[in-house]
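Colleague: return atomic coordinates for the entry below.
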Amino acid sequence: MRSSYRRNRWGGRPPARLAAVTLALAGTLLAGTACAVDADPADPSAEVVVPTGSASPAGATPAGPTPSAAASPPARVPDTLRFTARTLDGTQFSAADLTGKPVVLWFWAPWCATCASQAWTVAELAPKYRDTVPIVGVAGLGEQKAMKDFVREFDLAGTPQLDDRAGALWRRFEVVEQSTFLIVDRDGKLIHQGFLDGEDLSRRVAALAG
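Modeller: Residues are numbered from 1 along each chain as shown. Take a look at the predicted model:
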C-alpha cells in the first residue's frame, strides 16, 4: 500500500511502453475472469462458495446461508439418556431425543399392586406434560402380554412404555424394586431415584415444567 502513494520515477505519466504492458496484463486478467463466469453451472466443481466472514463484491449476494442462519451445534447427550429400546407396541425409542428436557422414567411390573395404584396418576400427567417433562414407562419382571394388558387397562398408551423384559435398563440404572421413579433434570443429572406417591410425583413434574 505504501508504494501506491509514492510518485513514480518518471515524475508523472509512465512511458508508453509501460502503459502497453499494463494494458496487456489487464486484458489477460479480464480473459481469465470471463472463463470463470462462463463455467457450466451444472458442473458442481464450478459452484462458487463465499466463505463465512469474507467480503463479497459490491451488489453481489453471498452464496449459502448467512452466519445468522447457520445451524446450531447439536446438544451433548448426557450419559443418563444414552440408551435405546423398543416400546411394547414395537416402536424404536431413543432416549437421546429427549436431550435438553427433564425426563421421568417409571419402572413398573404388570403384577405390582403399587404400580397399579400409581398408573392412574401417570396416565393423567403424561399427556399434559408430554412436551415439557416426558414420562417414560419401563416395564419389566413380567410377560409381554401381561404388560400390554396393564397398559390397556390403565390408559397408558399415550406415553412411551418400554419393553424391558430382559431387564437391561433395570440393571443399567440399578433398580431393585418396583415401583421406582427416576427423575433426570434438563442437564441430564439424576436428581431422584426411588418411590414417589401420586401427590409427590405431580408436584415434582409441575415444578420441572415451570
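Colleague: need the three-state assignment for Trp106.
Modeller: Secondary structure, DSSP: H, G, I helix; E, B strand; the rest coil: Trp106 is strand.
Colleague: my read: it touches Val138, true?
Modeller: Yes. If you go by CB atoms under 8 Å, Trp106 and Val138 touch, sitting 6.6 Å apart. C-beta: built from backbone N, CA, C; applies to glycine.
Colleague: just the pLDDT for Arg130.
Modeller: Listed pLDDT for Arg130 reads 94.
Colleague: spit out the contact partners of it.
Modeller: 158-159 (CB atoms under 8 Å, 6 or more residues apart in numbering).
Colleague: from Glu177, how far off is it?
Modeller: 27 Å (CB to CB, to the nearest Å).
Colleague: what of Ala209?
Modeller: Distance of Ala209 to Glu177, given as CB to CB: 27 Å.
Colleague: can you show me the strands along this protein?
Modeller: 84-86, 92-94, 103-108, 135-139, 161-163, 180-184, 190-194 (DSSP state E).
Colleague: turn those strands into JSON lines, columns for mean pLDDT, mean neighbour count and distance to Trp120.
Modeller: Formatted as JSON lines, the strands of the chain follow (pLDDT from 0 to 100; neighbours: other CB atoms under 10 Å; distance: least, CB to CB, whole Å):
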{"stretch": "strand 84-86", "mean pLDDT": "97", "mean neighbour count": "14", "distance to Trp120": "24"}
{"stretch": "strand 92-94", "mean pLDDT": "97", "mean neighbour count": "12", "distance to Trp120": "23"}
{"stretch": "strand 103-108", "mean pLDDT": "98", "mean neighbour count": "25", "distance to Trp120": "13"}
{"stretch": "strand 135-139", "mean pLDDT": "98", "mean neighbour count": "25", "distance to Trp120": "13"}
{"stretch": "strand 161-163", "mean pLDDT": "98", "mean neighbour count": "24", "distance to Trp120": "15"}
{"stretch": "strand 180-184", "mean pLDDT": "98", "mean neighbour count": "22", "distance to Trp120": "15"}
{"stretch": "strand 190-194", "mean pLDDT": "97", "mean neighbour count": "14", "distance to Trp120": "20"}
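Colleague: between the ones you listed, which gets nearest to Gln118?
Modeller: The stretch from those with the least distance to Gln118 (CB to CB) is strand 103-108; that distance is 7.7 Å.
Colleague: show me what the closest one is packed against.
Modeller: On a contact count with 3 or more CB pairs under 8 Å, 6 or more residues apart in numbering; DSSP states H and E, strand 103-108 meets helix 113-128, strand 135-139, helix 168-172, strand 180-184.
Colleague: with Ala157 as the reference, name the closest of the ones you listed.
Modeller: Evaluated over these, closeness to Ala157 peaks at helix 113-128, with 9.0 Å, by CB to CB.
Colleague: dump the closest one to CSV, restricted to CA.
Modeller: The C-alpha coordinates for helix 113-128 follow below in CSV (Å, rounded to 0.1, in the frame of the first residue of the first chain):
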residue,chain,number,x,y,z
ALA,A,113,-50.3,-53.5,43.1
THR,A,114,-48.4,-50.4,44.0
CYS,A,115,-47.7,-49.8,40.3
ALA,A,116,-51.4,-50.2,39.5
SER,A,117,-52.3,-47.6,42.1
GLN,A,118,-49.8,-45.1,40.6
ALA,A,119,-50.8,-45.9,37.0
TRP,A,120,-53.8,-43.6,37.0
THR,A,121,-51.7,-40.6,38.1
VAL,A,122,-49.1,-41.3,35.4
ALA,A,123,-51.9,-41.7,32.8
GLU,A,124,-53.2,-38.3,33.8
LEU,A,125,-49.9,-36.5,34.0
ALA,A,126,-48.2,-37.9,30.9
PRO,A,127,-50.3,-36.4,28.1
LYS,A,128,-50.4,-33.0,29.9
